[in-house]
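[1] just a sequence and a predicted model for now, questions to come.
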Amino acid sequence: TAAAQALYLTQSTVSAHIQTLERALETQLFTRDVRKKICLTEAGRILYPQVQEILERCQALHAAVHPDDLPAVLSLAASTVPCKCLLPALMADFLKRRPECRYLLKKGDSAQVHRWLLAQEARIGFVGAKLEPARCRYYPLLRDKLVLLTANDEHFRSLQHAGVLGRELLTEPMVVREEGSGTRQRFDAYLERIGFDPQALRIVARIEQPDAILSIVASGVGVTVCSELAAREQLSSGRLLAFELDAGSLYRELYLATEQHAALTPLEKSFLALILQQYPPA
């Protein structure tokens, strides 16, 4: 019923189309339980992403001939640091060039952004980790330094003055991000590289919101590893201190990502071109 309403068709017409497709493929695509809840069969789950790709390519063909027929909406998803530090300026700049454009923006950690891209719930994503290299296309945009952050108190000021590295403070009480964040995954990879057992961390809090983490660290609850970009306001105001994690510093890339087979609309291609113009490949 909901599909029929969305397509401006009768329910019987939609049912007839489904039956025709099932006969053509010689397989059942949907099941209905005793509560009349409709679910995809295993064959339906296998077919679904291929159907999405076909429909996207049909839309792209139509857009190539009738570009003015499509709504000027950009469906975006971003993890915390790109959402805060990259997207505002990019969105404002593109809106000056394409004032008819409207944005639909979702915010989550890097893992959630990938799920939205693969489910076609967002078309263009901004992430801090390449979690689906076989299923997504990535465009590196910016190198983001990870630093160890502490409260700005006498104890940590003396350590900073003595040239202590962040890796020497990993035994302090620690506040960490959720496992799906790009920051957390890069930090975990760093711990593995230096041979530090993650179980040895004295984790006092796991928090999803980076701004909340920064406030908690500033109050003296513990230290954290965070993007220097995300903490620049607190660092410039003196609420936090930053320690280089290692002698060679620790970086991660921020990426623009799209689903591997997504057929981008002309509007999406224009937005991508603007970004790559400002952040050209190295």
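    Perfect, thanks for sending it.
[2] what is the rounded mean pLDDT of the helix ranked longest in the chain?
    Assignment by DSSP state H gives helix 42-65 as the longest helix of the chain. If you average the pLDDT over helix 42-65, you get 79.
[3] tell me where the stretch 1-150 of the chain has strands.
    For the stretch 1-150 of the chain, the strands defined by DSSP state E, counting those that start in this stretch cover 30-32, 38-40, 73-78, 102-107, 124-127, 136-151.
[4] give me the mean pLDDT for the first one.
    This means strand 30-32. Per-residue scores along strand 30-32 average to 86.
[5] pull out the buried positions in it.
    For strand 30-32, burial by neighbour count (16 or more other Cβ atoms under 10 Å) applies to no residue. The way it works is simple: take the backbone N, C-alpha and C, and place the C-beta from them, glycine included.
[6] and that strand, what does it pack onto?
    With contacts defined as 3 or more Cβ pairs under 8 Å, 6 or more residues apart in numbering; DSSP states H and E, strand 30-32 has these neighbours: strand 38-40.
[7] from the chain's centre, how far out does the strand it packs on sit?
    In terms of Cα atoms, centre = their mean, to the nearest Å, the centre of strand 38-40 is found 28 Å from the chain centre.
[8] which one is residue 240 nearest to, not counting chain neighbours?
    Nearest residue to residue 240, sequence neighbours excluded (Cβ to Cβ, 6 or more residues apart in numbering): residue 234, at 4.4 Å.
[9] quick one: buried residues of the one helix or strand that neighbour maps to?
    Residue 234 is part of helix 232-237, with elements assigned from DSSP states H and E. Within helix 232-237, the residues that count as buried by 16+ other Cβ under 10 Å are 234, 235.
[10] who does that helix touch, helix- and strand-wise?
    Applying 3+ Cβ pairs under 8 Å, 6+ apart, one finds that helix 232-237 contacts strand 240-244.
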